[in-house]
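Asks: Got a predicted structure plus its sequence, pasted below:
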Amino acid sequence: MIKNDYHVYDNQPKPWYKVLYVQVLIAIALGILIGHFWPRFGISLEPLGKGFINLIKMVITPIIFCTIVAGIANMRDLKQMGRVGLKALIYFEVVSTLALIVGFITGHLIKPGIGINASVSSFAAKDVAKVSEFAAQSQGHGMVDFLMGLIPTTAFSPFVEGNILQVLLIAIMFGVVLTRVPEERARPLIHFIEGTSDVFFGMVGIITKLAPIGAFGAMAFTIGKFGISSLANLLGLIGTFYLTALLFVVIVLGIIAKLTGFSIFKFIKYIKEELLLVLGTSSSESALPHLMEKLERMGCKKSVVGLVVPTGYSFNLDGTNIYMTLAVLFIAQALNIDLTLWQQLTILGVAMLTSKGASGVTGAGFVTLAGTLMVVPDIPVAGMALILGIDRFMSEVRALTNFVGNGVATVVVSKWENSLDENQMHEALK
C-alpha cells in the first residue's frame, strides 16, 4: 500500500508544527476566532470546509468498492462473508438500541427542556419554514423508501451520487461473483482492484494535507453563521447531549472494548488525528479512509474492515440515536407536552428505523429527527425550530460518537470472527 507522511509512524518525531493533529487544532482555534470577531468573513470561508469534504467524498466510494471486492474475492468463502455481515448487523442493532435508551434515560433525569415554556406561535417564520423543508425531506426516510433506496438505477450512479449503501450492494455482488470465477482468471482482476485501492489511499494522503484548511473554513463558517452567543439560551440541551455522548463512549463502549480486550482510552488516543479531522469538518465521512487503514494496522482483517465500517455508517449511528431521543424529549419538555409511555415507546421504535440510512454528514440527523417526530402528532414538527440554531454545534459530537462507535464495532466483529491479531492490536495501541 502506498504510504505518506500521514500514515508513516517511525522513531523520528516530527517538529510539533508539522504534526497533522496539531495543525488541525490550531486551524480550529483560528476558525473560532475569525468566526467570532469577523463573522462576515468567517461565513465567506464556507467553501474551504465544503471543498475539503467533497475531496474526501471523491475517493470514499472507490475505496469502499475496491476494499470490499478484494476482501470477498480473497476470502473465497461466502459462508464467512455471511457470518461477518450477520454478526455486524446484530451488534449494530443491540448497541444502537442501547444508545437510544441512554438518550431517553438522560433526557428524563436531567430534563433540559423544563422551564423554557416555549410556544409554536412564538417561533420565527423563517425558522418554521426551514423546519418544514427538513420535514419534507424526511418523507423519503420510511422503511419502504429506505429499502428501495438500496437499489441503484445504474451500476455507476452510486459512485456519482456518493451513496455508500448502494456502493456496498454493488461491491458485495461483484465480489461474490468473482469468487465463482476460477482463481487463475480472477487473480489478475483482484490484483488490479487491490492496486487501484492503493492509488486511492495514496490520493487520501495528499488530500489529508489540506485538512487544516478544511477544518479552519468549516469552523469559521459555523461560528460566523450562528455565533457563540446563540448557544446561551440552549446550553442545557447542548451540555446534556455532550455529557450523554461522553458517558456512552466511556461507559457503554468502554465496557464493550474491555470485554474485547482493549482500552477505549487507548483506542481514542490511537485515532486522535481522525477525531480532530471529524471535529473540524463536522463529518465522520471525512476520516473514513483513515479509520479503515488504521483498523487494518491494528490487526483487524481487511475483509472485515471493508464490510463493517461502510455498513456501520448507515446502521450504527450511536451519536445520532442519542441526539434524536434527547431532542424529542427536549422539544416536548420545552413545549410543556406530557408524553405517555406508549408514545415514548413508539418514538423509540420509530427512531430505531429512521436512524438507519442516515449518512455521517451534517444535517442528516435533523432530517431523521423530523421523520421521527411526525409519528407523534402531539409534538408539532415546527418545534424543531427550537434547536435549529444549535444543531450545527451538536453535529460535531454526533459525528465523533458515530466515528468511535464504528471503530469499536469493527474490532468487536473482527474478534468475534477470529479475524483479529491481538498482539498486533496491543502493539498498535502502544
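Replies: Happy to help now that I have it. Predicted model only: the values in this text are computed from it and were never measured.
Asks: now the helices for the stretch 201-350 of the chain?
Replies: Assignment of helices within the stretch 201-350 of the chain using DSSP state H, counting those that start in this stretch yields the ranges 211-226, 235-247, 254-260, 264-270, 272-281, 288-297, 302-315, 318-334, 341-354.
Asks: so which of those comes closest to R187?
Replies: Minimum separation from R187 across the helices of the stretch 201-350 of the chain (CB to CB) falls at helix 302-315, 16.3 Å. To be clear about C-beta, it is placed using only N, CA and C from the backbone, and glycine gets the same treatment.
Asks: Give me the average confidence score over the closest one.
Replies: Averaged across helix 302-315, the pLDDT comes to 81.
Asks: just to revisit the earlier point, would you convert the helices of the stretch 201-350 of the chain into CSV that also reports distance to I43?
Replies: Output for those, formatted as CSV (distance: least, CB to CB, whole Å):
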stretch, distance to I43
helix 211-226, 4
helix 235-247, 21
helix 254-260, 39
helix 264-270, 32
helix 272-281, 17
helix 288-297, 27
helix 302-315, 29
helix 318-334, 25
helix 341-354, 31
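Asks: Tell me which of these lies nearest to I114.
Replies: Closest approach to I114 among the helices of the stretch 201-350 of the chain (CB to CB): helix 318-334, 5.1 Å.
Asks: what are the C-alpha coordinates of that closest one, in CSV please?
Replies: The C-alpha trace of helix 318-334 is given here as CSV (Å, rounded to 0.1, in the frame of the first residue of the first chain):
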residue,chain,number,x,y,z
ASP,A,318,-24.8,5.8,18.1
GLY,A,319,-24.4,9.6,18.3
THR,A,320,-27.4,10.2,16.0
ASN,A,321,-29.5,7.9,18.1
ILE,A,322,-28.6,9.7,21.3
TYR,A,323,-29.3,13.0,19.7
MET,A,324,-32.8,12.0,18.4
THR,A,325,-34.2,10.7,21.7
LEU,A,326,-32.8,13.7,23.6
ALA,A,327,-34.0,16.2,21.1
VAL,A,328,-37.6,14.7,21.1
LEU,A,329,-37.8,14.8,24.9
PHE,A,330,-36.3,18.4,24.9
ILE,A,331,-38.9,19.7,22.4
ALA,A,332,-41.7,18.0,24.3
GLN,A,333,-40.5,19.4,27.7
ALA,A,334,-39.9,22.9,26.2
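Asks: Check the model's average confidence along it for me.
Replies: Averaging pLDDT along helix 318-334 gives 86.
Asks: ok and that helix relative to helix 302-315, angle-wise?
Replies: 10 degrees (axes from the mean of the first three to the mean of the last three CA atoms, to 10 degrees).
Asks: which secondary structure elements does helix 318-334 contact?
Replies: helix 78-110, helix 235-247, helix 341-354, helix 364-373, helix 391-416 (3 or more CB pairs under 8 Å, 6 or more residues apart in numbering; DSSP states H and E).
Asks: tell me how far that helix is from the chain's mean position?
Replies: Distance, stretch centre to chain centre, for helix 318-334: 17 Å (CA atoms, centre = their mean, to the nearest Å).
Asks: coming back round to it: so which of the helices of the stretch 201-350 of the chain is the most packed in?
Replies: helix 318-334 (a mean of 27; mean count of other CB atoms under 10 Å).
Asks: could you give the angle of that one to helix 235-247?
Replies: Using the same axes, to 10 degrees: helix 318-334 against helix 235-247 is 150 degrees.
Asks: Next, the angle helix 391-416 makes with helix 318-334.
Replies: Using the same axes, to 10 degrees: helix 318-334 against helix 391-416 is 140 degrees.
Asks: For T67, find the nearest of the helices and strands packed on helix 318-334.
Replies: Proximity to T67, assessed across the helices and strands packed on helix 318-334 by CB to CB, is greatest for helix 391-416 (12.2 Å).
Asks: What residues sit buried inside stretch 51-66?
Replies: For stretch 51-66, the neighbour count (16 or more other CB atoms under 10 Å) marks 52-53, 55-57, 59-66 as buried.
Asks: Sorry, slip of the keys, the one I care about is stretch 188-206.
Replies: I190, I193, E194, T196, S197, F200, F201, G202, M203, V204, G205.
Asks: of all those residues, which two lie farthest apart?
Replies: Top of the distance list for these (CB to CB): I190 and G205, 23.1 Å.
Asks: just to revisit the earlier point, with N321 as the reference, name the closest of the helices and strands packed on helix 318-334.
Replies: helix 78-110 (3.9 Å).
Asks: which other helices and strands contact that closest one?
Replies: Right, helix 78-110 is packed against helix 164-180, helix 235-247, helix 302-315, helix 318-334, helix 341-354, helix 391-416 by 3+ CB pairs under 8 Å, 6+ apart.
Asks: now the angle from the second one to helix 78-110?
Replies: The reference is to helix 235-247. Using the same axes, to 10 degrees: helix 235-247 against helix 78-110 is 140 degrees.
Asks: what mean pLDDT does helix 235-247 have?
Replies: Helix 235-247 carries an average pLDDT of 87.
Asks: Same question for the fifth one.
Replies: Averaging pLDDT along helix 341-354 yields 76.
Asks: how distant is it from the center of its chain?
Replies: When C-alpha coordinates are averaged (CA atoms, centre = their mean), helix 341-354 and its chain have centres 22 Å apart.
Asks: name the helices or strands packed onto it?
Replies: Against helix 341-354 (3+ CB pairs under 8 Å, 6+ apart) you get helix 78-110, helix 318-334, helix 364-373.
Asks: Output it as CSV, restricted to C-alpha atoms.
Replies: Taking C-alpha atoms only, helix 341-354 is exported to CSV below (Å, rounded to 0.1, in the frame of the first residue of the first chain):
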residue,chain,number,x,y,z
LEU,A,341,-45.4,5.7,28.0
TRP,A,342,-46.9,4.4,24.8
GLN,A,343,-45.9,7.5,22.8
GLN,A,344,-42.4,7.3,24.2
LEU,A,345,-42.1,3.6,23.2
THR,A,346,-43.5,4.5,19.8
ILE,A,347,-40.8,7.2,19.4
LEU,A,348,-38.2,4.7,20.5
GLY,A,349,-39.3,2.1,17.9
VAL,A,350,-39.6,4.5,15.1
ALA,A,351,-36.2,6.0,15.9
MET,A,352,-34.7,2.6,15.5
LEU,A,353,-35.9,2.6,11.9
THR,A,354,-35.5,6.2,10.9
